[in-house]
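Novice: Just need the structure, nothing else, for what follows:
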Amino acid sequence: MGPMAVQQPDPSNAAPQVVPLPSGWYFHWGKRTLDSLLVLLTLPLWLPLLCLLGLVVLLDSGRPVLYSQARMGHQGRRFILFKLRTMTAGVSAPPGALFEGWTYHADPRITRCGRFLRRFRLDELPQLFNVLRG
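Specialist: Numbering: from 1, shown residues only. Here you go, the predicted structure:
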């Protein structure tokens, strides 16, 4: 079964409907081309911002500036996720945390600039390089 989407329910039926998304090579390559084109066209906007935010992270909490983690992607392909680092490096979760890798609202491991980056999702900007990589 291919990709699926949830449609808004019509007024006569309160349950949302799951419908198949368009598929095929033309849909895949069309989406890939559009994604890459949009990232390249906006590069002059987000690349300077990313450099500035990297400098802020460096000055606020030192190295490393980027956080990376291996993830499983589409069709089981492995890729490296990149984010601006928003937490203190090398510190494990405090006692009583629900799970080791999770954070909570007032987590002391989150840096000063990290709160701002997370609030506005700016820590995700390095992911645009993965969009270009495919």
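Novice: Helix or strand next in line after the helix or strand containing residue 36, which one?
Specialist: Counting by DSSP states H and E, the element that carries residue 36 is helix 25-61. Counting by DSSP H and E, the element after helix 25-61 in chain order, helix or strand, is strand 66-72.
Novice: And the helix or strand just after that next one, how far out from the chain middle?
Specialist: Toward the C-terminal end, the helix or strand that comes next after strand 66-72 (DSSP H and E) is strand 78-84. Using Cα atoms, centre = their mean, to the nearest Å, the mean C-alpha position of strand 78-84 is found 8 Å from that of the whole chain.
Novice: cool, stretch 71-83 as well?
Specialist: With Cα atoms, centre = their mean as the basis, stretch 71-83 stands 11 Å off its chain's centre.
Novice: the bottom helix or strand of this protein by mean pLDDT?
Specialist: Sorted by mean pLDDT, DSSP states H and E, the helices and strands of the chain end with strand 4-7, the least confident at a mean of 54.
Novice: burial measure for residue 53, as a count.
Specialist: 20 (other Cβ atoms under 10 Å). The C-beta positions use only the backbone N, C-alpha and C, and glycine is treated the same way.
Novice: Same question for residue 108.
Specialist: With other Cβ under 10 Å as criterion, residue 108 counts 11.
Novice: Many thanks, have a good one.
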